[in-house]
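**Student:** need a structure here:
(2 chains)
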There are 2 protein chains.
Amino acid sequence: MKVHGDVLSIATQRVLTCLYEKELDFELVPVDIRTGAHKKQPFISLNPFGQVPAFEEGDMTLFESRAINLHIAHAYKDKGTQLIYDGKKMAIALVWMDVEAHQFDPAATKLGFELVVKPMIGGMVDAESVHENEAKLVQVLDIYEVRLAQSKYLGGDDFTLVDLHHLPCIHRLMGSQVKKLFDSRPHVNAWCADILARPAWLKVLAMQANH
Amino acid sequence: MKVHGDVLSIATQRVLTCLYEKELDFELVPVDIRTGAHKKQPFISLNPFGQVPAFEEGDMTLFESRAINLHIAHAYKDKGTQLIYDGKKMAIALVWMDVEAHQFDPAATKLGFELVVKPMIGGMVDAESVHENEAKLVQVLDIYEVRLAQSKYLGGDDFTLVDLHHLPCIHRLMGSQVKKLFDSRPHVNAWCADILARPAWLKVLAMQANH
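**Tutor:** Residues are numbered from 1 along each chain as shown, chains lettered A, B, ... in the order given. Below you'll find the predicted structure:
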């Protein structure tokens, strides 16, 4: 199987983390997003929306990082870490997977862009966007704090794709002023420390460091 | 099973359509979004994010409309219309489900708000938002036109949750200037006509009309 992507991309990191958790062999085919390779051929034949990563397995091509991970977690259920479950546990995990995608990610991605990416590339920080998205993130983390007081992980008592999908954005925000929003909530803080220490995630960080 | 929601809400309509496709009996517990009932108790005990709908089945409570529908489609696979499949077909459908959620829906929801909801409630239309989101919708529909020339439905040759999830937003936009963007693309136009005529969707429209 092949991942066409860029180790600097959050969505690519999400899929790489899943592959390491599942202990699967894969090839990373580099797509340099800094030169816009994801907006041109040959990449847009893999994903017409021009976003990394794309995933190839036999004659099947997938894109959208969370859909790729759901496929991997289903198709290789018995390999490596079990990342999804069945029945009611799956239904609850699906809810919190959509919470990550629709509540957490929009605010977290914008904050990561303003507070981490822009300072690196010399862009002007949009203070209004930071203010607005910090307020949104606070609301989400307040709900996570209540949730994580009830169960060790967001999807339930086991680490699942739900937690995994948060990893790249949380790691990025840990290098910004927003870190304090995570640190000041005891259950959120313990959850972050736990998931950020997973060997699969450390392998993705090592890939980035070697980049 | 109970749906706590409002027939005027797009996300509630998404779940109601799924329940009608699956020919399941359910009770709709009204939550009046015009009076802000979704932001208060008792509703926020069902969904702490304060968004309709919430879904109750036995001792399980779910929210996020697409997650609810995935659960229903899995749990009642053999009832009514089959809305998801297995293996590779499922993987492809998951990709296009995320395309709906992350590419189509953000632009379509904003356009529906500006061009349909605001004129009803007497709000000022934000011309810049309309312009920006029309451009985004055009990009998405161009890709849909190519996709729908290859397969009858977005997820493949069968109607699935992918198509169903588009229904409420498309219906809303059909009453606006944006209709021409759908009409002018032959495969998109035929797909819209097909899915908008589904009996399950017509039942949801009848519920709205009786509201």
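**Student:** Every contact and neighbour count from this point should use C-alpha atoms.
**Tutor:** Will do.
**Student:** how about the strands in chain A?
**Tutor:** For chain A, the strands defined by DSSP state E cover A:2-5, A:27-30, A:54-57, A:60-63.
**Student:** what's the closest of these to chain B?
**Tutor:** strand A:60-63 (6.1 Å; CA to the nearest CA).
**Student:** contact partners of the closest one?
**Tutor:** The contact list for strand A:60-63, computed with CA atoms under 8 Å, 6 or more residues apart in numbering or on different chains, reads A:46-47, A:52-56, A:68, B:88, B:91-92, B:95.
**Student:** Can you lay out the strands of chain A as JSON lines showing mean pLDDT?
**Tutor:** JSON lines is the format used below for the strands of chain A (pLDDT from 0 to 100):
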{"stretch": "strand A:2-5", "mean pLDDT": "98"}
{"stretch": "strand A:27-30", "mean pLDDT": "98"}
{"stretch": "strand A:54-57", "mean pLDDT": "98"}
{"stretch": "strand A:60-63", "mean pLDDT": "98"}
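**Student:** got CSV for these, with mean neighbour count too?
**Tutor:** What follows is the strands of chain A, written out as CSV (neighbours: other CA atoms under 10 Å in any protein chain shown):
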stretch, mean neighbour count
strand A:2-5, 22
strand A:27-30, 14
strand A:54-57, 20
strand A:60-63, 21
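**Student:** TSV for those, including distance to B:Leu154?
**Tutor:** Putting these into TSV (distance: least, CA to CA, whole Å) gives the following:
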stretch	distance to B:Leu154
strand A:2-5	23
strand A:27-30	27
strand A:54-57	18
strand A:60-63	14
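**Student:** Which one of the ones you listed lies nearest to A:His38?
**Tutor:** Smallest distance to A:His38 across the strands of chain A (CA to CA): 8.3 Å, for strand A:2-5.
**Student:** ok, and does the closest one reach over to chain B?
**Tutor:** No: Strand A:2-5 stays clear of chain B (CA under 8 Å from any CA of the partner chain), getting no nearer than 15.1 Å.
**Student:** who does that strand pair up with?
**Tutor:** strand A:27-30 (parallel), strand A:54-57 (antiparallel) (DSSP bridges).
**Student:** Let me see the confidence value for A:His211.
**Tutor:** In this model, A:His211 is scored at 80, pLDDT.
**Student:** Without its sequence neighbours, what residue ends up closest to it?
**Tutor:** Closest residue in space to A:His211, ignoring its immediate chain neighbours: A:Val7 at 7.6 Å, by CA to CA, 6 or more residues apart in numbering or on different chains.
**Student:** In this model A:Ala209 seems to touch the one you found, though I could be wrong.
**Tutor:** No: using CA atoms under 8 Å, A:Val7 is not in contact with A:Ala209, being 9.5 Å away.
**Student:** ok, the two, which is more surrounded?
**Tutor:** A:Val7 (25 against 10; other CA atoms under 10 Å in any protein chain shown).
**Student:** show me what contacts the more buried one?
**Tutor:** Going by CA under 8 Å, 6+ apart, A:Val7 touches A:13, A:204, A:207-208, A:211.
**Student:** And those residues, which is closest to A:Gly80?
**Tutor:** Closest approach between the contacts of A:Val7 and A:Gly80, by CA to CA: A:Val204, at 16.1 Å.
**Student:** Surely the closest one touches A:Arg14?
**Tutor:** No: judged on CA under 8 Å, A:Val204 makes no contact with A:Arg14 at a distance of 9.1 Å.
**Student:** Need the residues that contact the longest helix belonging to chain A.
**Tutor:** As assigned by DSSP state H, the longest helix anywhere in chain A is helix A:127-150. Residues outside helix A:127-150 that contact it (CA under 8 Å, 6+ apart) are A:103-104, A:107-108, A:110-111, A:114-115, A:154, A:178, A:181-182, A:185-188, A:191, B:48-49.
**Student:** Can you turn the buried part of the residues you listed into a PyMOL selection?
**Tutor:** Written as a PyMOL command, the selection of buried residues from the contacts of helix A:127-150, which uses 16 or more other CA atoms under 10 Å in any protein chain shown, is:
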select buried, (chain A and resi 103+104+107+108+110+111+114+115+154+178+181+182+185+187+188+191) or (chain B and resi 48+49)
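**Student:** pLDDT value on A:His186, please?
**Tutor:** Not quite, residue A:186 is Pro, not His. The model reports A:Pro186 with a pLDDT of 98.
**Student:** Skip the chain neighbours and tell me the closest residue to it.
**Tutor:** The shortest distance from A:Pro186 to any non-neighbouring residue, by CA to CA, 6+ apart, is to A:Glu145 (7.5 Å).
**Student:** And for that neighbour, the neighbour number?
**Tutor:** 18.
**Student:** what sits against A:Asn210?
**Tutor:** No contacts exist for A:Asn210 under CA under 8 Å, 6+ apart.
**Student:** just to revisit the earlier point, biggest separation within the contacts of strand A:60-63, which pair?
**Tutor:** A:Val52 and B:Lys88 (20.5 Å).
**Student:** Give me the more crowded residue out of those two.
**Tutor:** The neighbour comparison of A:Val52 against B:Lys88 (other CA under 10 Å) goes to A:Val52, with 29 against 14.
**Student:** quick one: that one and B:Pro119, what's the gap?
**Tutor:** 38 Å (CA to CA, to the nearest Å).
**Student:** Show me how far stretch A:182-190 is from its chain's centre.
**Tutor:** In terms of CA atoms, centre = their mean, to the nearest Å, the centre of stretch A:182-190 is found 19 Å from the chain centre.
**Student:** what does that stretch contact?
**Tutor:** So stretch A:182-190 is contacted by A:141-142, A:144-145, A:148-149, A:192 (CA under 8 Å, 6+ apart).
**Student:** Can you show me the CA trace of that stretch as CSV?
**Tutor:** The C-alpha trace of stretch A:182-190 is given here as CSV (Å, rounded to 0.1, in the frame of the first residue of the first chain):
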residue,chain,number,x,y,z
PHE,A,182,-5.1,21.9,27.3
ASP,A,183,-2.8,22.0,30.3
SER,A,184,-5.3,23.8,32.6
ARG,A,185,-7.9,21.0,32.2
PRO,A,186,-6.7,18.0,34.3
HIS,A,187,-8.4,15.2,32.4
VAL,A,188,-7.7,16.8,29.0
ASN,A,189,-4.1,17.3,30.1
ALA,A,190,-3.7,13.6,31.1
